[in-house]
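Trainee: next one to model:
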Amino acid sequence: MGYIQFRPHTKLAPYIDAYWKVTGTVAELKTQKILPDGCVDIILNVGDSVVNADKTICMKNESAYLVGTMTKFKYSILLPQTNLIGIRFKPAGFSFFYQYASLHELTDQTIEFEKKLAPVIGKHLDDPVPYLDRFFLNKISGSNHGLLDVIGNIEREKGRISVSAIAAKHCITSRRLERSFRQFIGVGPKEFTNIIRFCHALLLLKQKSKDSNLLDIALDCGYYDHAHLSNEIKKYTGNTPSEI
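Mentor: Okay, here's the model as predicted:
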């Protein structure tokens, strides 16, 4: 499997995390595990259909898909001629380009996206970045949900902050925060902070030296103990920390 990631235009960087491209390997099928990251993606399938672990088709050729915020891992099987181009929006970034009633309706789901709303790669397949930049620069619009500062705060704290502390710091009620997160991100603020904390813990686990131990990582990430960390890693990845 080949994976390449591209940076968007600087004016899009507050809202789009990256463009990415996945291509299959001619010689083999590849099972890919996808982990929660708090983001929403649009995926353009310009190659073979992509299938689920149960061999049912989940992304048809020449179609666009919207992937909601994930709270659990999932598998997809990449065929030899898989060719996917993705746009990964930062948390709450999708709303600066598209109006959607509530992203909570899409949590842990992948749905077919209207072609008239999606980029059309076509002749831009070899170098999609300039085209994607133009497409989204032309679509960008203002949004008044005010979540970017809140999200930035959670990310700086690496998820080690309570919902009540977030609400107090940003002068917003917990109820309104819950409603805004579910509408513009897809999950509530508690689940979102858990995902951000998990992502930081996963990074530390992958980088850990022989001298570091699970308890140190757990405490550094704000977990009660190593068992708490292990349960969260198992929940989001399906693996134990020792298997990471």
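
Trainee: contacting residues around the closest residue to G68 other than its chain neighbours?
Mentor: By the measure of Cβ to Cβ, 6 or more residues apart in numbering, the closest residue to G68 outside its immediate chain neighbours is L106, 3.0 Å from it. Quick note: C-beta positions are derived from backbone N, CA and C, even for glycine. L106 makes contacts with 40, 66-69, 100, 186, as judged by Cβ atoms under 8 Å, 6 or more residues apart in numbering.

Trainee: give me the lowest-pLDDT entry from the residues you listed.
Mentor: By predicted confidence, those are weakest at Y100, whose pLDDT stands at 86.

Trainee: can I get stretch 152-169 as PDB, trimmed to CA atoms?
Mentor: In PDB, the C-alpha atoms belonging to stretch 152-169 read as follows (Å, rounded to 0.1, in the frame of the first residue of the first chain):
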ATOM      1  CA  GLY A 152      -7.200  24.300  20.100                       C
ATOM      2  CA  ASN A 153      -7.400  24.400  23.800                       C
ATOM      3  CA  ILE A 154      -8.200  20.700  24.100                       C
ATOM      4  CA  GLU A 155      -5.400  19.800  21.700                       C
ATOM      5  CA  ARG A 156      -2.900  21.900  23.600                       C
ATOM      6  CA  GLU A 157      -3.900  20.200  26.800                       C
ATOM      7  CA  LYS A 158      -3.600  16.800  24.900                       C
ATOM      8  CA  GLY A 159      -7.100  15.900  26.100                       C
ATOM      9  CA  ARG A 160      -6.200  16.300  29.700                       C
ATOM     10  CA  ILE A 161      -9.000  18.800  30.600                       C
ATOM     11  CA  SER A 162     -12.600  18.300  31.900                       C
ATOM     12  CA  VAL A 163     -15.700  19.500  30.100                       C
ATOM     13  CA  SER A 164     -16.600  21.800  32.900                       C
ATOM     14  CA  ALA A 165     -13.100  23.400  32.800                       C
ATOM     15  CA  ILE A 166     -13.500  23.900  29.000                       C
ATOM     16  CA  ALA A 167     -16.900  25.400  29.400                       C
ATOM     17  CA  ALA A 168     -15.800  27.800  32.200                       C
ATOM     18  CA  LYS A 169     -12.700  28.900  30.300                       C
END
